[in-house]
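> Below is the structure, and that's it, no one-letter string:
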């Protein structure tokens, strides 16, 4: 019996140590989203809903979702408070790339295997796009491996997708707090990107603050595309606070 209780006690302390290590690890965007409960299903996790035994295969998807995080909103709602590079005073970040996600019409692939960590040289090509190199690595592993491309080519697509989006001028150098309706944020993006239409994007907010804009793009990144499943995850509040860049 003493040996049994000793084993149970050892297991208990091992679980505690694992939890402490998880709490002490970094937390940036998608990493945080995986650790906290969501109030509604998000299009950035899961798999093809109608595929049965379908196995996610690299390159097998219908379109991309470009997720642009409003950095001040993310930092305000980041419960772990560990995204230092992104949230430290003076970073002065506005919209930053959260990810470029392969998507099905219903659901999406993830963790498709292959090269688990991109090279230093591949990561250098996305400096200034992601707020943190750790996020770029994470996004490659979770989403980029499903693109069917090499890390360098996938990150080239991330840059191409970001370059295709015009940020509305009201958000380009937002130094004062603003209040918007989600619909007006969508209209501002449509005005800045004439080929964009309602139903091709979603506005995400957390606790009344703007956190993210998600834009649906064709696989060749030349066009915006309709994406009903993504677009329905829309922040429908009457007003959304847009904290300033800092």
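Done, it's in. The structure presented is a predicted model; accordingly, all values stated were derived computationally and were not measured. Residues are numbered from 1 along each chain as shown.

> Give me the nearest residue to the residue nearest the centre of the chain, chain neighbours excluded.
Closest to where the C-alpha atoms of the chain average out (Cα atoms, centre = their mean) is residue 98, at 3.8 Å. Nearest residue to residue 98, sequence neighbours excluded (Cβ to Cβ, 6 or more residues apart in numbering): residue 67, at 3.9 Å. For the C-beta atoms, the positions are set from N, CA and C on the backbone; glycine is no exception.

> which stretches of the protein form helices?
2-24, 30-33, 71-77, 84-87, 120-124, 133-142, 151-163, 169-172, 182-192, 228-231 (DSSP state H).

> Give me the mean pLDDT for the longest one.
On average, the pLDDT along helix 2-24 is 39.

> repeat for the fourth one
Averaged across helix 84-87, the pLDDT comes to 76.

> Now do the buried residues in it.
For helix 84-87, the neighbour count (16 or more other Cβ atoms under 10 Å) marks 85, 86, 87 as buried.

> gap between that helix and the chain center?
Its chain's C-alpha centre and that of helix 84-87 lie 16 Å apart, by Cα atoms, centre = their mean, to the nearest Å.

> The chain should start at 40 in everything you say after this.
Okay, using 40 as the starting number, the last item reads as helix 123-126.

> just for this protein, where's the confidence low?
40-94, 118-123 (pLDDT under 70).

> again, 90 this time
The model of the chain has pLDDT under 90 over residues 40-96, 112-132, 155, 167, 171, 211-214, 245-246, 272-277, 284-285.

> Give me the distance between the residue nearest to the centre of the chain and residue 103.
Separation of residue 137 from residue 103 (Cβ to Cβ, to the nearest Å): 13 Å.

> overlap in contacts of those two?
Among the neighbours of residue 137, none is also in contact with residue 103 (Cβ atoms under 8 Å, 6 or more residues apart in numbering).

> Looking at the buried residues of helix 123-126, which is nearest residue 182?
residue 125 (18.6 Å; Cβ to Cβ).

> these two touch, right, that closest one and residue 171?
Yes. In terms of Cβ atoms under 8 Å, residue 125 counts as a neighbour of residue 171; the distance is 6.0 Å.

> hang on, the earlier thing: for residue 214, see how far away the residue nearest to the centre of the chain is.
Taken as Cβ to Cβ, the span from residue 137 to residue 214 is 22 Å.

> Cheers, nothing more for now.
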